[in-house]
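1. Got a sequence here, can you build the structure:
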Amino acid sequence: MTGNLDSTAKLGSIPFVGDAANATFLGNLNGIVTTSSTVPSFSKDILIYDHMGIARPVKITFTKSVDPDPVANPPVLAEWTWEASDTTGAVSGNGTIKFNSDGTYNSNTVENALTCENWGTGGTKNIIVNIDFSGMTQTNGPYSPMLSSPIPDGSYQTTLMVYDSLGGTHDVIINFQKLTDSTISPPNSPIIDNTWKMTIGIAGENEAYIPDAAGQPLYEQIIEFNPNGSIKTGATATIMIEGKNGSSDGTTSLTMLKNGANSIRISLDLSGLVQFAGAFTPVPSFRDGHAAGSLDNVTVDDTGTLIGTFTNGASQKLAQVVLADFHNPAGLIRVGDNLYSVSMNSGAAVIGTAGAGIRASIISNSLESSNVDLANEFTKMIIAQRGFEANSRVITTSDTILGELINLRR
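-> Next up, the predicted model:
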């Protein structure tokens, strides 16, 4: 993957405009349930300005709800809890976000608010922030919650299409956002310089994750850049894609995909990424594999190799023309119809290909012209013509003589 991550990207923030504010979140919470005992959780930092104009970092932590049954205790697919906090203890607030079975927001969710104690007017009033999560989804895409208003996040997303063993396509979604440290105290910025968090997911019912050294599923990776904009750490990642409710550990046999294809292991090379003050432009620069296709065209190169081009853009060597040479070609026996057979004088055939062992080349899409010696054939034709003329004169002379003999007898 190549492209640029904008070094000037900022955190989503809520400016101080009084003691009440509204905030809207968009993005996705990854809906994969793994065999790991760890309850899925993801944190997002935003900035809220107090009455003095100081930007204070606030952490919103999203945690998947779990069944209260202490025996089974599986994660509940359709529900998440959220909680707001900061390092001073001034911020509080929590609530529940519910989703429908198709991953869309459930309108029965009761919206909640967070409270910023004594951040409001005169340092004695509380700031109440009403949060709208209705734009969020729960799919197998990456964790990507982001503040969309009042001041949106500098968070970016790109899609990488990959192919499975059956030629099926899968969209791997990669989300980039600046890494933050909510423990940094104002007025210092909580954004960690030159550091990004990459989260991954997949569109569809399969699962995507990054296995760690112990084989556990991870859904994020830290990418760090040097001050000159070149990538420092996190330049490579292995992305696993397997069937829904798979083993999710990258070390054992993985579950086949929904379409019956083998699970996919993707080696992601991020070394082509840079970080400068400019537009966000990460794009896949190369990928192997291809979709299913049928033979569209066949060409022949000068070595006699038949190359097939398929409708999916792939090309493949199908066959190669073999040539035969002889130590004494003049010793071959003519058998008719422009065919010859081996003789003792010709020697055994030397089999090879054009340009490799046999000094010859093959020209495709060409029609062979006459291969005779025209000068020699014209000479033979003239000689034959002269001979015919001479013979015809002999016949004429003989006829004249016979005529005279007949006349003499009369």
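2. roughly how far out does the helix or strand containing F388 sit from the chain middle?
-> For F388, the host element (DSSP states H and E) is helix 374-409. Centroid displacement of helix 374-409 relative to its chain, using CA atoms, centre = their mean, to the nearest Å, is 84 Å.
3. What of stretch 300-312?
-> Centre-to-centre, stretch 300-312 and its host chain are 25 Å apart (CA atoms, centre = their mean).
4. which of the residues in that stretch are buried?
-> Neighbour-count burial for stretch 300-312, counted by 16 or more other CB atoms under 10 Å, picks out 300, 304-305, 307-308, 310. Any C-beta I mention is one placed from the backbone N, CA and C, and that applies to glycine too.
5. what does stretch 211-221 give?
-> Neighbour-count burial for stretch 211-221, counted by 16+ other CB under 10 Å, picks out 211, 216-217, 219-221.
6. pLDDT check: weakest of these?
-> The lowest pLDDT within the buried residues of stretch 211-221 belongs to Q216, with 71.
7. Now do that residue against G53, distance only.
-> From Q216 across to G53, the span is 43 Å (CB to CB, to the nearest Å).
8. D164 now?
-> Separation of D164 from G53 (CB to CB): 53 Å.
9. Is it correct that S165 falls within a strand?
-> No - under DSSP: H, G, I helix; E, B strand; the rest coil, S165 falls outside any strand and is assigned coil.
10. which strand residues sit across from S315 in the sheet?
-> T309 (DSSP bridges).
11. make that D325, sorry
-> Assigned bridge partners for D325, using DSSP bridges, are V350.
12. What is the neighbour count of it?
-> Per other CB atoms under 10 Å, the neighbour tally for D325 reads 14.
13. now the lowest-mean-pLDDT helix or strand in the chain, how far from the chain's geometric center?
-> Sorting the helices and strands of the chain by mean pLDDT, DSSP states H and E puts strand 357-358 at the bottom, at a mean of 74. Chain-centre distance of strand 357-358: 41 Å, with CA atoms, centre = their mean.
14. what's the answer for stretch 3-12, then?
-> Using CA atoms, centre = their mean, the offset of stretch 3-12 from its chain centre is 23 Å.
15. what's the answer for stretch 219-230, then?
-> Distance, centroid of stretch 219-230 to centroid of chain: 21 Å (CA atoms, centre = their mean).
16. Just the endpoints, please. Distance across it?
-> With CA to CA, to the nearest Å as the measure, stretch 219-230 spans 24 Å from end to end.
17. next one: stretch 89-106
-> Stretch 89-106: ends 31 Å apart by CA to CA.
18. what sits up against that stretch?
-> The contact list for stretch 89-106, computed with CB atoms under 8 Å, 6 or more residues apart in numbering, reads 29, 31, 48, 58, 62, 65, 77-85, 108-119, 129, 131, 133-139.
19. for stretch 344-360, same thing?
-> 302-304, 320-333, 342, 361-362.
20. Please tell me how far V394 sits from E404.
-> According to CB to CB, V394 stands 16 Å off from E404.
21. Run a quick neighbour tally on N376.
-> Counted with other CB under 10 Å, residues neighbouring N376 total 9.
22. So it versus I383, what's the distance?
-> 11 Å.
23. Likewise for S134?
-> 102 Å.
24. Have a look at these two and say which one is more surrounded.
-> The neighbour comparison of S134 against I383 (other CB under 10 Å) goes to S134, with 14 against 10.
25. Settle it for me: which of D164 and G53 has more neighbours?
-> A direct count of neighbours by other CB under 10 Å for D164 and G53 places D164 higher, at 20 against 9.
26. Give me the residues contacting the helix or strand hosting L5.
-> Assigned by DSSP H and E, L5 falls within strand 2-6. For strand 2-6, contacts defined as CB under 8 Å, 6+ apart pick out 154, 156, 158, 176, 196, 223, 225, 272-283, 285.
27. if you set the cut-off to 7 Å instead, what comes out?
-> Applying CB atoms under 7 Å, 6 or more residues apart in numbering, the external contacts of strand 2-6 come out as 154, 176, 196, 272-283, 285.
28. Same question for stretch 163-170.
-> If you take CB under 7 Å, 6+ apart as the criterion, stretch 163-170 is touched by 161-162, 202, 204, 206, 241, 257, 259-262, 264, 289-292.
29. what secondary structure does I46 sit in?
-> Quick answer, by three-state DSSP: I46 is strand.
30. and it, what are its bridge partners?
-> Using DSSP bridges, the beta-bridge partners of I46 come out as V58.
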